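> sharing a model prediction with you, sequence too.
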Amino acid sequence: NAGVMQNPRHLVRRRGQEARLRCSPMKGHSHVYWYRQLPEEGLKFMVYLQKENIIDESGMPKERFSAEFPKEGPSILRIQQVVRGDSAAYFCASSLKTGVHEQYFGPGTRLTVT
Amino acid sequence: AQSVTQLDSHVSVSEGTPVLLRCNYSSSYSPSLFWYVQHPNKGLQLLLKYTSAATLVKGINGFEAEFKKSETSFHLTKPSAHMSDAAEYFCVVTSGSGGYQKVTFGTGTKLQVIP
């Protein structure tokens, strides 16, 4: 039973380019969470999605960031016109249900903006 | 509203001595509480969780945590530290009403184990 998969594991983008981060949840999980971890900081919640729905995006920056979790395929976190400050590790987690059900984390995507 | 406070950003212990990582929370609802561990350049792994059953929770690798409602605490302990325990540890609270429970991470505690 494969765990949460994220790709790419490492992504390098120049300022102004777009970054697309993919997350495939564990089999049977329909809840996906995205987090950002800046160097020397903890995880910051970004967005919580269920299939085809954004449930909570209170942690998403107002501009340039978007997320989706389509009916088919992985969840995508998109960052448009990346800036140096977007360099971070982005983690995806999935759960069977919300709340008491623990989240299973992917290995993360490390984004470097040059 | 909810919050999590990890009282120590860094903890250093000698190998073979006890580990105590402190976590306090606040929540308007009955919370569920978790501890995760993150080794360098790795994802997060669940150590243990509290979900309103037994207040003393045992996890993997010899870790345990006790939920104390009166103190709003969920401290993580281990009787004897091992070198492989060196990592960053995150305390997490989830709570809410209806179908959605908000997740809040603490800022993390880095555990150093000295040989």
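Thanks, I have it.

> can you confirm whether the host helix or strand of B:E88 lies near chain A?
Per DSSP states H and E: B:E88 is located in strand B:87-95. Yes: under the criterion of C-beta under 8 Å from any C-beta of the partner chain, chain A is reached by strand B:87-95 at B:F90, B:T94, B:S95. Every C-beta, even on glycine, is put in place using the N, C-alpha and C of the backbone.

> check what pLDDT A:E102 gets.
As predicted, A:E102 sits at a pLDDT of 79.

> so it versus chain B, what's the distance?
5 Å (C-beta to the nearest C-beta, to the nearest Å).

> for that residue, which non-adjacent residue is closest in space?
B:L46 (5.0 Å; C-beta to C-beta, 6 or more residues apart in numbering or on different chains).

> tell me the spacing between that neighbour and A:I54.
25 Å (C-beta to C-beta, to the nearest Å).

> and chain A, which residues reach chain B?
So far as C-beta under 8 Å from any C-beta goes, chain A lies against chain B at A:4, A:33, A:35, A:41-45, A:48, A:55-56, A:91, A:93, A:98-100, A:102-108.

> buried subset of these?
A:4, A:33, A:35, A:42-43, A:45, A:48, A:55-56, A:91, A:93, A:98-100, A:102-108 (16 or more other C-beta atoms under 10 Å in any protein chain shown).

> can you name the residues of chain B that neighbour chain A?
Near chain A, when you scan chain B using C-beta under 8 Å from any C-beta, you find B:32, B:34, B:36, B:42-46, B:49, B:51, B:90, B:94-96, B:99-108.

> ok, of those residues, which come out buried?
Buried among the residues of chain B next to chain A by 16+ other C-beta under 10 Å: B:32, B:34, B:36, B:43-44, B:46, B:49, B:51, B:90, B:94-96, B:101-106, B:108.

> so where is the chain shaky, pLDDT-wise?
This is for chain A. A:1-2, A:98-101 (pLDDT under 70).

> ah, I was thinking of chain B
In chain B (pLDDT under 70), the answer is B:97-100.

> for chain A, what's the nearest residue on it?
At 3.2 Å from chain A, B:Q101 is the closest residue in chain B, using C-beta to the nearest C-beta.

> just want the most central residue of chain A.
Centroid check for chain A by C-alpha atoms, centre = their mean gives A:W34 as the closest residue, at 3.6 Å.

> any figure for the gap between the residue nearest to that one when sequence neighbours are not counted and chain B?
Leaving out its chain neighbours, the residue that sits closest to A:W34 by C-beta to C-beta, 6+ apart is A:M46, at 4.4 Å. According to C-beta to the nearest C-beta, A:M46 and chain B sit 11 Å apart.
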